[in-house]
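> sequence first, then the predicted structure:
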Amino acid sequence: MFSTRLTIDPRFAIGDISRRLFGSFVEHLGRCVYDGLYEPGHPLADEQGFRTDVIDLVRELGVTTIRYPGGNFVSGFRWEDSVGPRERRPRRLEPAWHSTETNQVGLHEFSDWAERVGAEVMLAVNLGTRGMPEALELLEYANIPAGTARSDQRAANGRTEPFDIRMWCLGNEMDGPWQLGYLTPDAYGTKATQTARALRQVDPDLELVVCGSSNSQMPEFGEWERVVLGHAYDDVDFISCHAYYQETGGDTQAFLASAVNMDRFIDTVVATADHVGAVRGSSKKMAVSFDEWNVWYQDRYENVDKISGIGNWPVAPRLLEDQYSVVDAVVVGNLLISLLKHADRVKAASIAQLVNVIAPIMTEPGGPAWRQTIFFPFATTSRLARGRALDVRLESPTYGTSQYGEVPLVDAVATHDATDATTSVFLVNRSLGDEAEVVIDVSALGGLTVASAQTLYDEDLGAANTLDDQERVALRQTPTCELAHGRLRLVLPPVSWTAVELSPVAL
Ligand code: AHR
(Lines give C-alpha, C1' and ligand atoms only; values in the text may rest on other atoms or scores of the structure.)
Protein backbone atom coordinates (compact mmCIF):
# COMPACT_ATOMS: atom_id res chain seq x y z
CA MET A 1 0.00 0.00 0.00
CA PHE A 2 1.20 3.55 -0.72
CA SER A 3 -0.06 6.83 0.76
CA THR A 4 -1.53 9.94 -0.83
CA ARG A 5 -2.72 13.21 0.70
CA LEU A 6 -5.36 15.66 -0.54
CA THR A 7 -7.02 18.79 0.78
CA ILE A 8 -10.54 19.88 -0.07
CA ASP A 9 -11.21 23.55 0.51
CA PRO A 10 -13.91 25.58 -1.30
CA ARG A 11 -11.37 28.41 -1.61
CA PHE A 12 -9.31 26.29 -4.07
CA ALA A 13 -11.83 26.87 -6.86
CA ILE A 14 -10.93 26.02 -10.45
CA GLY A 15 -14.17 27.24 -12.01
CA ASP A 16 -17.91 26.78 -12.32
CA ILE A 17 -18.93 23.43 -13.76
CA SER A 18 -21.06 23.76 -16.89
CA ARG A 19 -23.79 21.11 -16.98
CA ARG A 20 -22.87 20.75 -20.65
CA LEU A 21 -19.72 18.91 -19.52
CA PHE A 22 -21.89 15.79 -19.33
CA GLY A 23 -22.95 15.72 -22.95
CA SER A 24 -22.92 12.82 -25.36
CA PHE A 25 -22.92 12.25 -29.11
CA VAL A 26 -25.33 10.49 -31.47
CA GLU A 27 -24.06 9.94 -35.01
CA HIS A 28 -25.83 8.22 -37.89
CA LEU A 29 -23.19 5.50 -37.73
CA GLY A 30 -23.59 1.74 -37.39
CA ARG A 31 -26.33 0.87 -34.90
CA CYS A 32 -26.30 4.07 -32.86
CA VAL A 33 -29.59 5.41 -34.29
CA TYR A 34 -31.11 2.50 -36.24
CA ASP A 35 -31.35 -0.68 -34.14
CA GLY A 36 -30.06 1.43 -31.25
CA LEU A 37 -32.20 4.22 -29.92
CA TYR A 38 -34.74 3.63 -32.78
CA GLU A 39 -36.17 0.18 -33.45
CA PRO A 40 -39.84 0.35 -34.46
CA GLY A 41 -40.47 -3.40 -34.25
CA HIS A 42 -39.10 -3.77 -30.73
CA PRO A 43 -41.60 -4.82 -28.02
CA LEU A 44 -40.59 -1.78 -25.95
CA ALA A 45 -40.73 0.75 -28.80
CA ASP A 46 -43.06 3.74 -28.39
CA GLU A 47 -45.45 5.02 -31.07
CA GLN A 48 -42.55 6.86 -32.80
CA GLY A 49 -40.36 3.75 -32.90
CA PHE A 50 -37.99 4.74 -30.08
CA ARG A 51 -37.03 2.12 -27.51
CA THR A 52 -38.31 3.11 -24.09
CA ASP A 53 -35.75 0.90 -22.30
CA VAL A 54 -33.01 2.92 -24.04
CA ILE A 55 -34.72 6.19 -23.09
CA ASP A 56 -34.71 5.07 -19.44
CA LEU A 57 -31.00 4.22 -19.56
CA VAL A 58 -30.10 7.51 -21.27
CA ARG A 59 -31.94 9.40 -18.52
CA GLU A 60 -30.13 7.37 -15.87
CA LEU A 61 -26.82 8.14 -17.58
CA GLY A 62 -27.56 11.83 -17.02
CA VAL A 63 -26.52 13.25 -20.38
CA THR A 64 -27.19 16.96 -20.67
CA THR A 65 -26.47 17.75 -24.33
CA ILE A 66 -26.29 15.54 -27.41
CA ARG A 67 -24.18 16.40 -30.42
CA TYR A 68 -25.98 15.33 -33.62
CA PRO A 69 -25.98 13.99 -36.41
CA GLY A 70 -22.19 13.48 -36.77
CA GLY A 71 -19.18 13.11 -36.78
CA ASN A 72 -17.82 12.12 -40.15
CA PHE A 73 -21.39 11.44 -41.27
CA VAL A 74 -22.33 15.13 -41.19
CA SER A 75 -19.78 16.06 -43.86
CA GLY A 76 -21.89 14.35 -46.54
CA PHE A 77 -25.33 14.89 -45.00
CA ARG A 78 -28.17 16.70 -46.78
CA TRP A 79 -30.42 17.75 -43.89
CA GLU A 80 -33.50 18.25 -46.08
CA ASP A 81 -33.48 14.51 -46.93
CA SER A 82 -34.36 13.77 -43.33
CA VAL A 83 -37.49 15.93 -42.91
CA GLY A 84 -41.03 15.59 -44.27
CA PRO A 85 -43.11 12.45 -44.83
CA ARG A 86 -40.99 9.42 -44.03
CA GLU A 87 -42.12 7.41 -47.03
CA ARG A 88 -40.77 10.11 -49.34
CA ARG A 89 -37.37 10.42 -47.71
CA PRO A 90 -34.55 9.21 -49.99
CA ARG A 91 -32.13 6.43 -49.19
CA ARG A 92 -28.63 7.79 -49.69
CA LEU A 93 -25.11 6.48 -49.99
CA GLU A 94 -23.27 7.32 -46.80
CA PRO A 95 -19.59 7.42 -47.78
CA ALA A 96 -18.09 8.17 -44.35
CA TRP A 97 -18.98 4.72 -42.96
CA HIS A 98 -19.75 2.99 -46.27
CA SER A 99 -23.41 2.42 -45.36
CA THR A 100 -26.90 3.29 -46.57
CA GLU A 101 -28.72 6.12 -44.78
CA THR A 102 -32.50 5.58 -44.83
CA ASN A 103 -33.32 9.01 -43.31
CA GLN A 104 -36.11 7.49 -41.24
CA VAL A 105 -34.82 9.49 -38.26
CA GLY A 106 -34.16 13.18 -38.84
CA LEU A 107 -34.26 16.49 -37.04
CA HIS A 108 -37.93 16.23 -35.96
CA GLU A 109 -37.74 12.71 -34.60
CA PHE A 110 -34.37 13.25 -32.94
CA SER A 111 -35.44 16.52 -31.28
CA ASP A 112 -38.57 14.85 -29.89
CA TRP A 113 -36.43 12.04 -28.56
CA ALA A 114 -33.89 14.45 -27.04
CA GLU A 115 -36.72 16.30 -25.28
CA ARG A 116 -37.90 13.01 -23.82
CA VAL A 117 -34.47 12.17 -22.43
CA GLY A 118 -34.09 15.73 -21.12
CA ALA A 119 -31.08 16.66 -23.25
CA GLU A 120 -30.24 19.74 -25.31
CA VAL A 121 -29.47 19.18 -29.02
CA MET A 122 -26.12 20.50 -30.24
CA LEU A 123 -26.39 20.53 -34.03
CA ALA A 124 -23.49 20.05 -36.43
CA VAL A 125 -23.68 21.51 -39.95
CA ASN A 126 -22.10 20.09 -43.09
CA LEU A 127 -19.03 22.13 -44.08
CA GLY A 128 -17.61 19.22 -46.10
CA THR A 129 -19.71 18.68 -49.24
CA ARG A 130 -21.74 21.83 -48.44
CA GLY A 131 -21.31 25.24 -46.89
CA MET A 132 -22.78 28.49 -45.60
CA PRO A 133 -25.94 28.62 -47.83
CA GLU A 134 -27.19 25.21 -46.67
CA ALA A 135 -26.30 25.98 -43.05
CA LEU A 136 -28.38 29.17 -43.33
CA GLU A 137 -31.34 27.21 -44.69
CA LEU A 138 -31.09 24.72 -41.86
CA LEU A 139 -31.01 27.54 -39.33
CA GLU A 140 -34.08 29.10 -40.94
CA TYR A 141 -35.83 25.73 -40.79
CA ALA A 142 -34.85 25.10 -37.17
CA ASN A 143 -35.04 28.47 -35.42
CA ILE A 144 -37.23 30.97 -37.32
CA PRO A 145 -40.77 31.10 -35.81
CA ALA A 146 -42.81 31.39 -39.03
CA GLY A 147 -43.47 33.23 -42.28
CA THR A 148 -40.58 32.09 -44.50
CA ALA A 149 -40.22 29.17 -46.88
CA ARG A 150 -38.15 26.99 -44.57
CA SER A 151 -39.94 27.87 -41.32
CA ASP A 152 -43.32 27.25 -42.96
CA GLN A 153 -41.99 23.95 -44.30
CA ARG A 154 -41.12 22.96 -40.72
CA ALA A 155 -44.65 23.83 -39.58
CA ALA A 156 -46.10 21.84 -42.49
CA ASN A 157 -43.94 18.95 -41.35
CA GLY A 158 -45.68 19.01 -37.98
CA ARG A 159 -43.66 21.37 -35.79
CA THR A 160 -45.12 24.84 -35.34
CA GLU A 161 -42.74 26.00 -32.62
CA PRO A 162 -39.09 26.48 -33.62
CA PHE A 163 -36.55 23.94 -32.35
CA ASP A 164 -34.59 26.88 -30.96
CA ILE A 165 -31.23 25.11 -31.13
CA ARG A 166 -28.56 27.13 -29.33
CA MET A 167 -25.26 25.31 -29.95
CA TRP A 168 -24.04 24.79 -33.52
CA CYS A 169 -20.85 23.02 -34.63
CA LEU A 170 -19.19 24.44 -37.74
CA GLY A 171 -18.41 21.12 -39.44
CA ASN A 172 -16.54 18.14 -38.07
CA GLU A 173 -12.79 17.33 -37.98
CA MET A 174 -12.15 19.47 -41.05
CA ASP A 175 -8.37 18.88 -40.82
CA GLY A 176 -8.69 15.10 -41.32
CA PRO A 177 -7.87 13.64 -44.77
CA TRP A 178 -10.63 11.04 -44.10
CA GLN A 179 -13.22 13.84 -43.89
CA LEU A 180 -15.36 14.55 -46.96
CA GLY A 181 -14.22 17.99 -48.09
CA TYR A 182 -11.34 18.38 -45.60
CA LEU A 183 -9.54 21.71 -45.80
CA THR A 184 -6.34 23.53 -45.02
CA PRO A 185 -6.47 25.60 -41.81
CA ASP A 186 -6.60 28.80 -43.81
CA ALA A 187 -9.44 27.59 -46.06
CA TYR A 188 -11.40 26.18 -43.13
CA GLY A 189 -10.82 29.29 -41.01
CA THR A 190 -12.27 31.41 -43.81
CA LYS A 191 -15.23 29.08 -44.46
CA ALA A 192 -16.06 28.67 -40.76
CA THR A 193 -15.88 32.42 -40.14
CA GLN A 194 -18.10 33.26 -43.12
CA THR A 195 -20.61 30.64 -41.95
CA ALA A 196 -20.48 31.89 -38.35
CA ARG A 197 -21.12 35.47 -39.41
CA ALA A 198 -23.99 34.47 -41.69
CA LEU A 199 -25.62 32.34 -38.99
CA ARG A 200 -25.30 35.14 -36.47
CA GLN A 201 -26.83 37.63 -38.89
CA VAL A 202 -29.95 35.48 -38.57
CA ASP A 203 -29.71 34.54 -34.89
CA PRO A 204 -27.11 36.66 -33.00
CA ASP A 205 -27.28 34.60 -29.81
CA LEU A 206 -26.18 31.29 -31.29
CA GLU A 207 -23.28 29.59 -29.53
CA LEU A 208 -20.81 28.42 -32.16
CA VAL A 209 -18.13 25.73 -32.05
CA VAL A 210 -15.23 25.90 -34.51
CA CYS A 211 -13.27 22.72 -35.30
CA GLY A 212 -9.95 22.25 -33.58
CA SER A 213 -7.59 19.45 -34.64
CA SER A 214 -9.06 15.95 -34.95
CA ASN A 215 -6.62 14.84 -32.27
CA SER A 216 -3.38 15.97 -30.68
CA GLN A 217 -1.31 13.65 -32.93
CA MET A 218 -2.35 15.44 -36.12
CA PRO A 219 0.73 16.81 -37.93
CA GLU A 220 -0.62 20.37 -37.80
CA PHE A 221 -1.86 20.24 -34.19
CA GLY A 222 -1.35 23.66 -32.58
CA GLU A 223 -0.78 25.40 -35.89
CA TRP A 224 -4.30 24.42 -37.02
CA GLU A 225 -5.77 26.02 -33.88
CA ARG A 226 -3.63 29.14 -34.26
CA VAL A 227 -4.56 29.71 -37.92
CA VAL A 228 -8.26 28.81 -37.58
CA LEU A 229 -8.71 31.02 -34.52
CA GLY A 230 -6.77 33.76 -36.31
CA HIS A 231 -9.81 33.91 -38.61
CA ALA A 232 -12.66 32.94 -36.30
CA TYR A 233 -11.71 34.25 -32.83
CA ASP A 234 -14.30 37.02 -32.65
CA ASP A 235 -17.06 34.97 -34.27
CA VAL A 236 -17.14 31.73 -32.24
CA ASP A 237 -17.48 30.77 -28.58
CA PHE A 238 -15.82 27.34 -28.48
CA ILE A 239 -12.98 25.48 -30.11
CA SER A 240 -13.42 21.71 -30.27
CA CYS A 241 -11.09 18.98 -29.01
CA HIS A 242 -11.42 15.28 -29.87
CA ALA A 243 -9.47 12.43 -28.24
CA TYR A 244 -9.82 8.66 -28.19
CA TYR A 245 -7.64 6.36 -26.12
CA GLN A 246 -6.88 2.65 -26.32
CA GLU A 247 -4.55 0.19 -24.69
CA THR A 248 -1.76 -0.71 -27.11
CA GLY A 249 0.84 -3.45 -26.89
CA GLY A 250 -0.53 -4.66 -23.54
CA ASP A 251 0.81 -1.50 -21.85
CA THR A 252 -1.94 -1.11 -19.25
CA GLN A 253 0.18 1.23 -17.11
CA ALA A 254 0.46 3.79 -19.91
CA PHE A 255 -3.21 3.35 -20.85
CA LEU A 256 -4.21 4.09 -17.26
CA ALA A 257 -2.44 7.45 -17.59
CA SER A 258 -4.50 8.53 -20.64
CA ALA A 259 -5.94 11.45 -18.68
CA VAL A 260 -2.44 12.94 -18.49
CA ASN A 261 -2.62 13.24 -22.26
CA MET A 262 -6.05 14.85 -22.01
CA ASP A 263 -4.74 17.34 -19.41
CA ARG A 264 -1.85 18.34 -21.67
CA PHE A 265 -4.09 18.48 -24.74
CA ILE A 266 -6.51 20.91 -23.08
CA ASP A 267 -3.65 23.02 -21.67
CA THR A 268 -2.08 23.30 -25.13
CA VAL A 269 -5.31 24.28 -26.88
CA VAL A 270 -6.10 26.86 -24.18
CA ALA A 271 -2.56 28.29 -24.41
CA THR A 272 -2.84 28.53 -28.20
CA ALA A 273 -6.25 30.20 -28.01
CA ASP A 274 -4.95 32.64 -25.39
CA HIS A 275 -1.97 33.43 -27.62
CA VAL A 276 -4.34 34.33 -30.47
CA GLY A 277 -6.41 36.42 -28.04
CA ALA A 278 -3.30 38.20 -26.75
CA VAL A 279 -2.09 39.06 -30.25
CA ARG A 280 -5.49 40.57 -31.00
CA GLY A 281 -5.57 42.45 -27.70
CA SER A 282 -8.84 40.68 -26.91
CA SER A 283 -10.19 40.20 -23.41
CA LYS A 284 -12.40 37.32 -24.60
CA LYS A 285 -11.56 33.83 -23.32
CA MET A 286 -12.27 31.03 -25.79
CA ALA A 287 -14.04 28.04 -24.27
CA VAL A 288 -13.25 24.43 -25.15
CA SER A 289 -15.91 22.01 -26.37
CA PHE A 290 -14.38 18.54 -25.87
CA ASP A 291 -17.06 17.15 -28.09
CA GLU A 292 -15.64 13.70 -28.80
CA TRP A 293 -13.85 11.73 -26.13
CA ASN A 294 -13.78 8.13 -24.96
CA VAL A 295 -11.89 4.86 -25.10
CA TRP A 296 -12.05 3.49 -28.66
CA TYR A 297 -10.22 0.42 -29.97
CA GLN A 298 -9.66 2.05 -33.34
CA ASP A 299 -7.28 -0.67 -34.54
CA ARG A 300 -10.18 -3.13 -34.54
CA TYR A 301 -12.22 -0.84 -36.77
CA GLU A 302 -9.35 -0.41 -39.23
CA ASN A 303 -8.46 -4.11 -39.38
CA VAL A 304 -11.75 -5.97 -38.85
CA ASP A 305 -14.92 -3.88 -39.11
CA LYS A 306 -14.23 -1.52 -42.00
CA ILE A 307 -16.73 -1.94 -44.88
CA SER A 308 -15.77 -1.76 -48.55
CA GLY A 309 -17.06 -2.87 -51.99
CA ILE A 310 -18.97 -0.91 -54.63
CA GLY A 311 -22.08 -3.06 -54.14
CA ASN A 312 -21.88 -3.28 -50.36
CA TRP A 313 -23.72 -0.47 -48.53
CA PRO A 314 -25.46 -2.04 -45.52
CA VAL A 315 -28.10 -0.35 -43.36
CA ALA A 316 -27.07 -0.05 -39.71
CA PRO A 317 -24.13 -2.47 -39.77
CA ARG A 318 -22.42 -3.48 -36.52
CA LEU A 319 -19.56 -0.96 -36.42
CA LEU A 320 -17.34 0.28 -33.58
CA GLU A 321 -19.18 -1.91 -31.04
CA ASP A 322 -16.41 -1.97 -28.46
CA GLN A 323 -16.98 -4.04 -25.33
CA TYR A 324 -15.60 -2.14 -22.36
CA SER A 325 -13.63 -3.65 -19.49
CA VAL A 326 -13.01 -2.52 -15.91
CA VAL A 327 -9.74 -0.88 -16.99
CA ASP A 328 -11.58 1.04 -19.72
CA ALA A 329 -14.10 2.29 -17.13
CA VAL A 330 -11.31 3.47 -14.82
CA VAL A 331 -9.76 5.38 -17.73
CA VAL A 332 -13.15 6.94 -18.60
CA GLY A 333 -13.60 7.95 -14.94
CA ASN A 334 -10.16 9.55 -15.06
CA LEU A 335 -10.97 11.41 -18.29
CA LEU A 336 -13.99 12.90 -16.50
CA ILE A 337 -11.65 13.99 -13.70
CA SER A 338 -9.48 15.70 -16.31
CA LEU A 339 -12.49 17.55 -17.76
CA LEU A 340 -13.48 18.73 -14.26
CA LYS A 341 -9.90 19.83 -13.54
CA HIS A 342 -10.31 22.15 -16.54
CA ALA A 343 -13.83 23.32 -15.69
CA ASP A 344 -12.71 26.94 -15.98
CA ARG A 345 -12.19 26.53 -19.74
CA VAL A 346 -13.93 23.33 -20.82
CA LYS A 347 -17.56 24.39 -20.96
CA ALA A 348 -18.98 21.55 -23.04
CA ALA A 349 -18.00 17.94 -23.66
CA SER A 350 -19.52 14.88 -25.33
CA ILE A 351 -18.68 11.29 -24.57
CA ALA A 352 -18.62 9.57 -27.96
CA GLN A 353 -20.97 7.97 -28.49
CA LEU A 354 -24.23 7.04 -26.74
CA VAL A 355 -25.73 3.75 -27.95
CA ASN A 356 -23.96 0.69 -29.47
CA VAL A 357 -21.19 2.68 -31.20
CA ILE A 358 -18.27 3.06 -28.71
CA ALA A 359 -21.05 3.48 -26.20
CA PRO A 360 -22.02 3.29 -22.54
CA ILE A 361 -25.35 1.68 -23.58
CA MET A 362 -25.68 -1.48 -25.69
CA THR A 363 -28.77 -3.01 -27.27
CA GLU A 364 -29.69 -6.21 -29.04
CA PRO A 365 -32.34 -6.04 -31.80
CA GLY A 366 -35.55 -7.47 -30.36
CA GLY A 367 -33.66 -8.04 -27.11
CA PRO A 368 -32.37 -6.22 -24.05
CA ALA A 369 -30.47 -2.96 -23.46
CA TRP A 370 -27.70 -2.87 -20.86
CA ARG A 371 -25.04 -0.72 -19.21
CA GLN A 372 -21.39 -1.09 -20.24
CA THR A 373 -18.71 -0.63 -17.55
CA ILE A 374 -18.08 2.97 -18.67
CA PHE A 375 -21.72 3.82 -17.90
CA PHE A 376 -21.04 3.89 -14.16
CA PRO A 377 -18.36 6.58 -13.80
CA PHE A 378 -20.20 8.79 -16.29
CA ALA A 379 -23.63 8.50 -14.62
CA THR A 380 -22.19 9.03 -11.14
CA THR A 381 -20.03 12.00 -12.11
CA SER A 382 -22.92 13.65 -13.97
CA ARG A 383 -25.12 13.22 -10.89
CA LEU A 384 -22.61 14.36 -8.26
CA ALA A 385 -20.31 16.93 -9.91
CA ARG A 386 -22.20 20.16 -9.32
CA GLY A 387 -21.33 23.75 -8.52
CA ARG A 388 -17.61 24.44 -8.72
CA ALA A 389 -14.63 22.23 -9.43
CA LEU A 390 -11.93 22.37 -6.73
CA ASP A 391 -8.23 21.71 -6.99
CA VAL A 392 -7.29 19.15 -4.29
CA ARG A 393 -3.57 19.97 -3.79
CA LEU A 394 -2.70 16.34 -4.53
CA GLU A 395 0.46 14.79 -3.06
CA SER A 396 0.94 11.39 -4.68
CA PRO A 397 3.87 9.11 -5.48
CA THR A 398 4.50 8.67 -9.19
CA TYR A 399 5.26 5.87 -11.66
CA GLY A 400 7.03 5.81 -15.00
CA THR A 401 5.09 5.37 -18.23
CA SER A 402 6.34 4.67 -21.75
CA GLN A 403 4.18 7.47 -23.21
CA TYR A 404 3.85 10.24 -20.63
CA GLY A 405 6.94 10.02 -18.40
CA GLU A 406 6.45 10.11 -14.59
CA VAL A 407 2.80 10.47 -13.64
CA PRO A 408 0.98 10.42 -10.27
CA LEU A 409 -0.36 7.04 -9.13
CA VAL A 410 -3.53 8.75 -7.88
CA ASP A 411 -5.48 11.43 -9.67
CA ALA A 412 -8.39 13.34 -8.14
CA VAL A 413 -10.65 16.36 -8.25
CA ALA A 414 -13.40 17.64 -5.95
CA THR A 415 -16.60 19.59 -6.53
CA HIS A 416 -18.56 21.80 -4.17
CA ASP A 417 -22.13 22.99 -4.55
CA ALA A 418 -22.64 26.12 -2.46
CA THR A 419 -26.42 25.94 -2.83
CA ASP A 420 -26.73 22.86 -0.61
CA ALA A 421 -23.13 22.66 0.71
CA THR A 422 -22.57 19.18 -0.73
CA THR A 423 -19.09 18.18 -1.77
CA SER A 424 -17.93 15.27 -3.90
CA VAL A 425 -14.51 13.87 -4.59
CA PHE A 426 -13.59 11.70 -7.58
CA LEU A 427 -10.42 9.61 -7.56
CA VAL A 428 -8.55 6.95 -9.50
CA ASN A 429 -5.84 4.59 -8.35
CA ARG A 430 -3.70 3.85 -11.43
CA SER A 431 -1.49 1.31 -9.70
CA LEU A 432 -1.71 -2.18 -11.20
CA GLY A 433 -0.79 -3.94 -7.97
CA ASP A 434 -1.02 -1.70 -4.90
CA GLU A 435 -3.84 -0.29 -2.84
CA ALA A 436 -3.73 3.48 -2.29
CA GLU A 437 -4.35 4.90 1.16
CA VAL A 438 -5.79 8.38 0.61
CA VAL A 439 -6.09 10.81 3.51
CA ILE A 440 -8.16 13.89 2.72
CA ASP A 441 -8.19 17.00 4.88
CA VAL A 442 -11.84 18.11 4.79
CA SER A 443 -11.70 20.32 7.89
CA ALA A 444 -12.45 23.47 5.85
CA LEU A 445 -15.88 22.05 5.01
CA GLY A 446 -17.20 21.95 8.60
CA GLY A 447 -19.34 19.11 9.98
CA LEU A 448 -19.82 16.38 7.36
CA THR A 449 -21.27 12.99 6.81
CA VAL A 450 -20.54 10.47 4.03
CA ALA A 451 -23.69 10.27 1.90
CA SER A 452 -22.26 7.65 -0.45
CA ALA A 453 -18.92 6.10 -1.36
CA GLN A 454 -18.77 3.93 -4.47
CA THR A 455 -15.90 2.28 -6.27
CA LEU A 456 -15.53 0.52 -9.58
CA TYR A 457 -12.96 -2.29 -9.40
CA ASP A 458 -12.70 -6.00 -10.01
CA GLU A 459 -10.10 -8.72 -9.48
CA ASP A 460 -10.58 -9.47 -13.20
CA LEU A 461 -9.48 -6.30 -14.98
CA GLY A 462 -10.94 -7.58 -18.23
CA ALA A 463 -14.43 -8.15 -16.78
CA ALA A 464 -17.22 -6.64 -18.91
CA ASN A 465 -21.01 -6.52 -19.18
CA THR A 466 -22.20 -8.53 -22.17
CA LEU A 467 -25.46 -9.74 -23.72
CA ASP A 468 -25.01 -13.00 -21.81
CA ASP A 469 -23.92 -11.42 -18.53
CA GLN A 470 -25.36 -7.91 -18.43
CA GLU A 471 -24.67 -7.15 -14.76
CA ARG A 472 -21.24 -8.71 -14.32
CA VAL A 473 -19.66 -5.33 -13.43
CA ALA A 474 -21.31 -2.68 -11.26
CA LEU A 475 -20.32 -0.09 -8.67
CA ARG A 476 -19.48 -1.44 -5.23
CA GLN A 477 -19.31 0.12 -1.80
CA THR A 478 -15.84 1.67 -1.31
CA PRO A 479 -14.02 -0.97 0.79
CA THR A 480 -12.63 1.52 3.35
CA CYS A 481 -14.14 4.96 3.88
CA GLU A 482 -13.77 6.52 7.35
CA LEU A 483 -14.56 10.10 8.33
CA ALA A 484 -13.40 11.49 11.67
CA HIS A 485 -12.04 14.80 13.01
CA GLY A 486 -12.00 16.55 9.65
CA ARG A 487 -10.13 13.71 7.92
CA LEU A 488 -11.54 11.33 5.35
CA ARG A 489 -9.54 8.13 4.96
CA LEU A 490 -10.06 5.91 1.92
CA VAL A 491 -8.35 2.77 0.71
CA LEU A 492 -8.61 2.48 -3.06
CA PRO A 493 -8.12 -0.94 -4.68
CA PRO A 494 -5.56 -1.20 -7.51
CA VAL A 495 -6.98 -0.03 -10.89
CA SER A 496 -10.10 1.58 -9.48
CA TRP A 497 -12.33 4.63 -9.81
CA THR A 498 -14.12 6.08 -6.75
CA ALA A 499 -16.72 8.77 -6.02
CA VAL A 500 -17.46 9.96 -2.49
CA GLU A 501 -20.35 12.27 -1.72
CA LEU A 502 -20.18 14.36 1.46
CA SER A 503 -23.17 16.17 2.95
CA PRO A 504 -23.22 18.78 5.71
CA VAL A 505 -24.32 17.48 9.08
CA ALA A 506 -27.83 18.72 9.85
CA LEU A 507 -27.66 21.10 12.84
O1 AHR B 1 -16.95 8.88 -33.16
C2 AHR B 1 -16.48 8.23 -34.29
C3 AHR B 1 -15.78 9.16 -35.27
O4 AHR B 1 -14.61 9.63 -34.70
C5 AHR B 1 -16.53 10.42 -35.66
O6 AHR B 1 -17.42 10.23 -36.71
C7 AHR B 1 -15.42 11.33 -36.08
O8 AHR B 1 -15.74 12.68 -35.88
C9 AHR B 1 -14.23 10.87 -35.27
O10 AHR B 1 -13.11 10.70 -36.03
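Happy to help now that I have it. Numbers count the residues shown, from 1 in each chain.

> for this protein, which residue gets nearest to the ligand?
Residue nearest to the ligand within the chain: residue 71 (2.8 Å; C-beta to the nearest ligand atom). Heads up, the C-betas are built off the backbone N, CA and C, glycines and all.

> quick one: contacts for that residue?
Taking C-beta atoms under 8 Å, 6 or more residues apart in numbering, we find residue 71 in contact with 25, 27, 28, 29, 96, 124, 172, 292, 352, 353.

> pLDDT value on residue 302, please?
Note on residue 302: pLDDT of 81.

> state whether it is indeed within a helix.
Yes - per DSSP: H, G, I helix; E, B strand; the rest coil, residue 302 lies within a helix segment.

> mind checking pLDDT for residue 78?
pLDDT recorded at residue 78 is 98.

> could you report the neighbour count for it?
Per other C-beta atoms under 10 Å, the neighbour tally for residue 78 reads 14.

> next one: residue 469
The local packing of residue 469 (other C-beta under 10 Å) involves 11 other residues.

> for it, helix, strand, or coil?
Three-state call for residue 469 (three-state DSSP): coil.

> show the model's pLDDT score for it.
98.

> and it, backbone torsions?
phi -140, psi 80 (degrees, to the nearest 10).

> interface residues of the stretch 251-400 of the chain facing the ligand?
By C-beta under 6 Å from any ligand atom, the residues of the stretch 251-400 of the chain that approach the ligand are 292, 352, 353.

> partners of the first one in the sheet?
Think residue 292. Residue 292 has these beta-bridge partners by DSSP bridges: residue 242.

> tell me the domain boundaries of the chain?
Segmentation of the chain into domains, based on automatic domain parsing, reads 2-9+389-504, 18-384.

> how deep is the residue lying closest to residue 246 once chain neighbours are set aside tucked in, by neighbour count?
Closest residue in space to residue 246, ignoring its immediate chain neighbours: residue 297 at 4.9 Å, by C-beta to C-beta, 6 or more residues apart in numbering. When counting by other C-beta under 10 Å, one arrives at 20 neighbours for residue 297.

> neighbour-wise, give me the winner out of the contacts of residue 71.
Among the contacts of residue 71, the one with the most neighbours (other C-beta under 10 Å) is residue 172, at 31 neighbours.

> ok, now which ones touch that residue?
Contacts for residue 172 (C-beta under 8 Å, 6+ apart) come out as 70, 71, 72, 74, 75, 124, 127, 128, 179, 211.

> if we go to 6 Å?
By C-beta atoms under 6 Å, 6 or more residues apart in numbering, residue 172 lies in contact with 70, 71, 74, 75, 124.

> ok, residue 442 next?
Residues in contact with residue 442 (C-beta under 6 Å, 6+ apart) are 8, 486, 488.

> can you tell me which of these end up in strands?
residue 488 (DSSP state E).

> separate out the buried members of the contacts of residue 442.
Burial by neighbour count, judged by 16 or more other C-beta atoms under 10 Å, picks out 8, 488 from these.

> which of the contacts of residue 442 lies closest to residue 237?
Set against residue 237, the nearest of those by C-beta to C-beta is residue 8 (31.1 Å).

> quick check: the closest one touching residue 414?
Yes - counting by C-beta atoms under 6 Å, residue 8 touches residue 414, with 4.6 Å between them.

> and the helix or strand harbouring residue 196, what other elements does it pack with?
Per DSSP states H and E: residue 196 is located in helix 185-202. Helices and strands touching helix 185-202, by 3 or more C-beta pairs under 6 Å, 6 or more residues apart in numbering; DSSP states H and E, are helix 132-143, helix 223-232.

> low-confidence bits of this structure, can you list those?
507 (pLDDT under 70).

> would you map the helices across it?
Ranges of helices in the chain, per DSSP state H, are 52-61, 107-117, 132-143, 149-156, 185-202, 223-232, 252-255, 258-280, 298-300, 326-341, 375-384.

> among the ones you listed, which is the most enclosed?
Most buried of the helices of the chain, by mean neighbour count (mean count of other C-beta atoms under 10 Å): helix 326-341, with a mean of 26.

> tell me what that one is packed against?
By 3+ C-beta pairs under 6 Å, 6+ apart, helix 326-341 packs against helix 258-280, strand 287-295, helix 375-384, strand 410-417, strand 422-429.

> please compute how far the last one lies from its chain's middle.
Think strand 422-429. Computed by C-alpha atoms, centre = their mean, to the nearest Å, the chain-centroid distance of strand 422-429 equals 20 Å.

> switch to numbering from 41
Shifting the count to begin at 41 puts that one at strand 462-469.

> for that strand, which outside residues touch it?
With contacts defined as C-beta under 6 Å, 6+ apart, strand 462-469 is touched by 370, 373-374, 377, 424, 450-456, 476, 485, 532, 536-543.

> what do you get for the longest one?
With contact meaning C-beta under 6 Å, 6+ apart, helix 298-320 is reached by 256, 262, 265-266, 269-270, 273, 279, 281, 283, 285, 326, 371, 374-375, 378, 382, 385, 444, 447.

> please redo it, this time with the cut-off set to 8 Å
Helix 298-320 is contacted by residues 252, 256, 261-262, 265-266, 269-270, 273-274, 279, 281, 283, 285, 323-326, 328, 330, 333, 335, 371, 374-375, 377-379, 381-382, 385-386, 441, 443-444, 447, 451, 468 when judged by C-beta under 8 Å, 6+ apart.

> again, but for the fourth one
Here strand 450-457 makes contact (C-beta under 8 Å, 6+ apart) with 44, 46, 48, 50, 53-54, 57, 299, 374, 377-378, 380-381, 424-432, 434, 436, 462-470, 476, 478, 485, 532.

> out of those residues, which are buried?
Among the contacts of strand 450-457, those scoring as buried are 44, 46, 48, 50, 54, 57, 299, 374, 377-378, 380-381, 424-432, 434, 436, 462-470, 476, 478, 485, 532 (criterion: 16+ other C-beta under 10 Å).
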